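Participant: Output the structure for:
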Amino acid sequence: MSTISYDDFAKMDLRVGKIVSAEKISGKTRIVKGIIDLGIEKRDIIIGGAEFYHPEDLIGKVVIALVNLEPKKLAGIESQAMLLAADVDGKPFWLTVIEKVPLVVK
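Facilitator: Numbering: from 1, shown residues only. Have a look, this model is predicted:
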């Protein structure tokens with residue numbers, strides 16, 4: 001595994017967000033379209049793991065998102081952030097917070 005410098009890490013904009021919407025994508029079984037609330041803005045995201053979770057299971061989850069990642073188009077939808085997750089045998093476990101954390105901006 002390669003390493004990154006602290007300066008590279010410092011470039012990442014990690015924020016707490018809340019999944020406010022999630023829906024199936026026609027013809028796709030492994031991803032869903034979601035909307036994440038980051039406090040002052042909402043963004044479209046593609047969420048993996050649809051073979052393990054129903055869209056309604058994701059709504060309301062408070063997650064950690066990388067928000068300054070270059071947007072990527074999947075299934076015709078531009079994903080404007082990436083949720084952080086632990087991967088256990090291909091199943092994502094979304095990184096969340098234990099205590100209530102306000103959705104705040106930098």
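
Participant: Give the full set of residues in contact with the most centrally placed residue in the chain.
Facilitator: Centroid check for the chain by Cα atoms, centre = their mean gives Leu83 as the closest residue, at 2.4 Å. Applying Cβ atoms under 8 Å, 6 or more residues apart in numbering to Leu83 gives the contacts Ile36, Ile45, Ile47, Val63, Ile64, Ala65, Leu66, Pro92, Trp94, Leu95. From N, CA and C alone the C-beta is placed, and that goes for glycine too.

Participant: Report the buried residues of the lengthiest strand in the chain.
Facilitator: Ranked by number of residues, the top strand in the chain under DSSP state E is strand 14-24. Buried residues in strand 14-24, defined by neighbour count with 16 or more other Cβ atoms under 10 Å: Arg15, Val16, Gly17, Lys18, Ile19, Ser21, Ala22.

Participant: now do stretch 67-85
Facilitator: Val67, Ile77, Ser79, Gln80, Ala81, Met82, Leu83, Ala85.

Participant: same thing with stretch 89-96?
Facilitator: Pro92, Trp94.

Participant: what's in contact with it?
Facilitator: Gly48, Gly49, Phe52, Lys61, Val62, Val63, Ile64, Leu83, Leu84, Ala85, Ala86, Asp87.

Participant: Okay, the fourth one and Val88: tell me how far apart.
Facilitator: Distance from Lys61 to Val88, counting by Cβ to Cβ, to the nearest Å: 17 Å.

Participant: and if you look at the fifth one?
Facilitator: The spacing between Val62 and Val88, counted by Cβ to Cβ, is 20 Å.

Participant: Neighbour count: these two, which is higher?
Facilitator: With neighbours defined as other Cβ atoms under 10 Å, Val62 and Val88 compare such that Val62 has more, 19 against 8.

Participant: circling back: of all pairs in the buried residues of stretch 67-85, which one is the farthest apart?
Facilitator: Ile77 and Ala85 (18.8 Å; Cβ to Cβ).

Participant: what's the neighbour count on Met1?
Facilitator: That count, for Met1 with other Cβ under 10 Å as the rule, works out to 2.

Participant: ok, now which ones touch it?
Facilitator: Met1 touches nothing, counting by Cβ under 8 Å, 6+ apart.
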